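Peer 1: pasting the structure only:
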């Protein structure tokens, strides 16, 4: 089992360490992705923070790391 799957299990179980891992690892990438469309750093960061909040609130629906990324892509 790799580190991402371990942290996905933590996330699904309500352990904030799982969310923190994905936030630290992918926040810059999703912010860059959002910035390409919004052209504003602050708006992009806010959109990504909202996406991670929604991920936390809907964590029970995430079945895999891939589905987590799909969820975040749709949110951003």
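Peer 2: Here it is on my side, so go on. Since we're looking at a predicted model, the values are computed, not measured.
Peer 1: can you pull out the strands in the protein?
Peer 2: Counting by DSSP state E, one finds no strands in the chain.
Peer 1: Could you report the distance from the residue nearest the centre of it to residue 1?
Peer 2: Residue closest to the average C-alpha location in the chain (Cα atoms, centre = their mean): residue 52, at 4.5 Å. Separation of residue 52 from residue 1 (Cβ to Cβ, to the nearest Å): 23 Å. (Each C-beta comes from the backbone N, C-alpha and C, glycine too.)
Peer 1: Can you list the residue ranges for helices in the chain?
Peer 2: According to DSSP state H, the chain carries its helices in the segments 3-12, 16-38, 41-57, 65-75.
Peer 1: Only the buried residues of the third one, if you could.
Peer 2: For helix 41-57, burial by neighbour count (16 or more other Cβ atoms under 10 Å) applies to 44, 45, 47, 48, 51, 52, 55.
Peer 1: still on that earlier bit, any chance of the helices of the chain in TSV, with mean pLDDT too?
Peer 2: Converted to TSV, these look like this (pLDDT from 0 to 100):
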stretch	mean pLDDT
helix 3-12	97
helix 16-38	97
helix 41-57	98
helix 65-75	96
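Peer 1: hang on, the earlier thing: now do the contacts for the residue nearest to the centre of the chain.
Peer 2: Residues counted as contacts of residue 52 (Cβ atoms under 8 Å, 6 or more residues apart in numbering) are 19, 22, 23, 27, 72.
Peer 1: Distance check, it against residue 32.
Peer 2: 15 Å.
Peer 1: what does residue 45 give?
Peer 2: 11 Å.
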